[in-house]
Each structure stands twice: as structure tokens, then as C-alpha cells.
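K.L.:
build me a model from this:
(one chain, ligands or ions: 2)
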Amino acid sequence: MVVKCKDLVKIYHAAEDFRALDGVSVHVAKGEFVSIMGPSGCGKSTLLNTLGLLDEPDRGEYFLNGIPTAKMTDNLRSKTRRENIGFIFQSFNLMPKLSVLENIALPMRYTDTPRQDILPRAGTGRPRGVGK
Ligand SMILES: Nc1ncnc2c1ncn2[C@@H]1O[C@H](COP(=O)(O)OP(=O)(O)O)[C@@H](O)[C@H]1O
Ligand SMILES: [Mg+2]
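P.N.:
Ligands and ions are numbered 1, 2, ... in the order given. Here you go, the predicted model:
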């Protein structure tokens, strides 16, 4: 199981406390594609930030590739994120001169991944970027 989380709770402390995640449990297996859908404000970004190790839940367990993330140091969280997780945003934080595939592959250029393996690992198995 790549992603395994149980009873995630995330409370934002603004003017009033807001429970953005209220006991979320998700399993994602290797090779599985999963979409998260819901109305604006329902907690999709909060869940993705948590699964992407950008934010921490207040309660619950999250195992990434079988490894518990709760007690990871910031450095280990960064390393784990760099080696395992890619974020592609809808319309910002993208490099305009790169193709879609090259944008997806970009974080791997900051790892030890051999150069010739980067684009195939990013998606299609073809050596050239999408749209070229
Ligand atoms: N940093 C924050 N501080 C306070 N409330 C927040 C914060 N981030 C998100 N929220 C609130 O948590 C809820 C879930 O937000 P979010 O995860 O961004 O939803 P979605 O991505 O599904 O639109 C929303 O009601 C939002 O206003
Ligand atoms: Mg969102």
C-alpha cells in the first residue's frame, strides 16, 4: 500500500475552529489512480497537503510506503517528499517553457535519478515530452 491513512483530523484555528478533515481514512495501492472530488471548501487541498507531507494532521495515522510519517523530522519529510511525491497545480507554479511531462519530471532532476530514467519514470515511458 503506497498511501494508508486512518482517521485523519485537521482543525484550522482561525476566528473559529474549523474541522477541515474529520476522520478521513484512505488507502491507495501501487499503480492505482485516485481522484478526490467535492465542492469548494470541503477539504480536498487540506487532504492533499497532508498526504503530500506539506502539512501535518492533528490526529490520525499516515503511512507512506509502509513508513509512519508522524514522527518524521522536517528534513526527513522533505527528503521523503522529494523522492516520492510530485505536485502539479492547475494553472500556476508550472514552468511555461517545459512540456507537461517535463513539468512532472522536474523534481526528479534534484534527486539521484539517472538522467535517462527521468522522463520514462515521469509517465509515458517515451523519451520525449508531451506536445513536442
Ligand atoms: N489556513 C487556513 N486557515 C483557516 N481555515 C482554512 C485554512 N485553509 C483552509 N481552511 C478552511 O478549511 C476548509 C477546507 O479548505 P480546503 O482544504 O482548501 O478545501 P478545498 O480544497 O476542497 O476547496 C475551508 O472551509 C477553508 O476555508
Ligand atoms: Mg483546494
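K.L.:
look up the closest residue to the most centrally placed residue in the chain, ignoring the ones flanking it.
P.N.:
Geometric centre of the chain, nearest residue: G52, 3.3 Å, by C-alpha atoms, centre = their mean. Spatial nearest neighbour of G52, excluding adjacent residues (C-beta to C-beta, 6 or more residues apart in numbering): I85 at 5.1 Å. C-betas here are computed from N, CA, C, even on glycine.
K.L.:
look up how far F33 lies from the one you found.
P.N.:
Distance, I85 to F33, using C-beta to C-beta, to the nearest Å: 15 Å.
K.L.:
between those two, point out the one with more neighbours.
P.N.:
Taking neighbours as other C-beta atoms under 10 Å, I85 and F33 compare with I85 leading, 14 against 5.
K.L.:
and L51, how many neighbours does it have?
P.N.:
So L51, with other C-beta under 10 Å, has 22 neighbours.
K.L.:
just the CA atoms of stretch 88-101, as CSV, please.
P.N.:
Extracted in CSV, the C-alpha atoms of stretch 88-101 (Å, rounded to 0.1, in the frame of the first residue of the first chain):
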residue,chain,number,x,y,z
ILE,A,88,1.2,19.5,-10.4
PHE,A,89,-1.0,22.6,-10.0
GLN,A,90,-3.8,23.6,-12.3
SER,A,91,-2.6,26.9,-13.6
PHE,A,92,0.4,28.2,-11.6
ASN,A,93,3.8,27.0,-10.3
LEU,A,94,4.4,25.4,-13.7
MET,A,95,7.4,26.2,-15.9
PRO,A,96,5.9,27.6,-19.1
LYS,A,97,8.8,26.6,-21.3
LEU,A,98,8.6,23.0,-20.3
SER,A,99,6.1,20.4,-21.6
VAL,A,100,3.5,18.8,-19.2
LEU,A,101,5.7,15.7,-18.9
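K.L.:
identify the bridge partners of the residue nearest to P68 when sequence neighbours are not counted.
P.N.:
Leaving aside its sequence neighbours, P68 sits nearest to E61 (C-beta to C-beta, 6+ apart; 6.8 Å). Following DSSP bridges, E61 is listed with bridge partners K6.
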